[in-house]
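In: pasting the structure only:
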């Protein structure tokens, strides 16, 4: 390796250090990463102060991240990387009946409670009652029994449970793990979510303010489906009449995932036959999973 590197020769020198990699994909990814990072640095003529600012930014992203605050996920989201990775890896589903995927978001929690179909998963949080009913089927319309369904959403003010740990005494709410029945159905009661801003009190908020970008996300419900013999599916459903539907701060909204959140007056019977003494909403949707490439 030369000790007299120049602005133009340093890139190849760094790339050459990956020649000994035992994994071809590791070499491919890192040599390409070095190329693009160096080209970017040269293109914008990055100053020393700007680079130290960038490193300080990443340190602060790490410090504010926790089990319930995934600032690195949010950074990936607001820069469009999360959606881009999803689009690249689900390109083969375009034009098929398979439900569109989209990003996971920063508020997924692994330790969510299990629930039975028909349960109230609101965790006692006040809000407009919402009844969600659904089927999970394959590409031929056949029901998928025993599929695991993670679901989570905000409250009626746009806050997730993990953003209200003190208020909820660290109790998880508005999220659950359900299982489809023999007809591929799952259903639950909760409260209606609301549009909300992504967290702006951390480093990612600085980017949004610097760009004069809206931090708002349209109203939505998250889902993560996992079933033996099928590709897992991470997706959301978005409210059709939401004012932020076309300006999602993390680029996750898709027209194919727009659903009707139907409003009902009090006194009508909910989908499960429950009498409701206040206005409520219903949402109904069919999700289609893609057979895994290894499935027989």
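Out: Alright, I've got the coordinates. Everything quoted here is computed from the prediction, not taken from an experiment. Numbering: from 1, shown residues only.
In: From here on, just use CA atoms for contacts and neighbour counts.
Out: Fine.
In: And the strands in the stretch 151-296 of the chain, which stretches?
Out: Ranges of strands within the stretch 151-296 of the chain are 175-179, 185-191, 196-197, 216-217, 220-226, 233-239, 258-259, 262-264, 280-288, based on DSSP state E, counting those that start in this stretch.
In: Just send those strands back as TSV, with mean neighbour count, mean pLDDT and distance to residue 251 too.
Out: Listed next are the strands of the stretch 151-296 of the chain as TSV, based on neighbours: other C-alpha atoms under 10 Å; pLDDT from 0 to 100; distance: least, C-alpha to C-alpha, whole Å:
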stretch	mean neighbour count	mean pLDDT	distance to residue 251
strand 175-179	24	97	23
strand 185-191	23	97	25
strand 196-197	17	95	13
strand 216-217	22	96	9
strand 220-226	21	98	13
strand 233-239	23	97	12
strand 258-259	17	98	14
strand 262-264	14	95	25
strand 280-288	18	97	21
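In: and residue 71, which of those strands is closest to it?
Out: strand 196-197 (14.0 Å; C-alpha to C-alpha).
In: Walk me through which strands that closest one pairs with, and which way each runs.
Out: strand 216-217 (antiparallel) (DSSP bridges).
In: what are the ranges of the helices in the protein?
Out: Using DSSP state H, the helices found in the chain span residues 10-16, 24-44, 48-64, 71-78, 81-89, 203-210.
In: Next one: the closest residue in space to residue 132 that isn't next to it in sequence relative to residue 129, how far apart?
Out: Residue nearest to residue 132 in three dimensions, not counting chain neighbours: residue 283, with 4.9 Å by C-alpha to C-alpha, 6 or more residues apart in numbering. With distances taken as C-alpha to C-alpha, to the nearest Å, residue 283 is found 11 Å from residue 129.
In: How about residue 258?
Out: Residue 258 is 20 Å from residue 129, by C-alpha to C-alpha.
In: Same question for residue 186.
Out: 17 Å.
In: ok, now residue 161?
Out: Taken as C-alpha to C-alpha, the span from residue 161 to residue 129 is 17 Å.
In: more crowded one of the two?
Out: More crowded of residue 161 and residue 129, by other C-alpha atoms under 10 Å: residue 161, with 25 against 21.
In: wait, isn't the more buried one in contact with residue 176?
Out: No - Residue 161 is beyond contact range of residue 176, at 12.0 Å (criterion: C-alpha atoms under 8 Å).
In: To residue 272, which of the strands of the stretch 151-296 of the chain lies closest?
Out: strand 185-191 (8.9 Å).
In: And for the closest one, what's in contact with it?
Out: 117-122, 125-136, 143, 145, 155-156, 174, 178-180 (C-alpha atoms under 8 Å, 6 or more residues apart in numbering).
In: Just the buried ones among those residues, please.
Out: 117-118, 120-122, 128-136, 143, 145, 155-156, 174, 178-180 (16 or more other C-alpha atoms under 10 Å).
In: Inside strands: which ones of these?
Out: Using DSSP state E, the members of the buried ones among the contacts of strand 185-191 that fall within strands are 129, 130, 131, 132, 133, 134, 135, 136, 178, 179.
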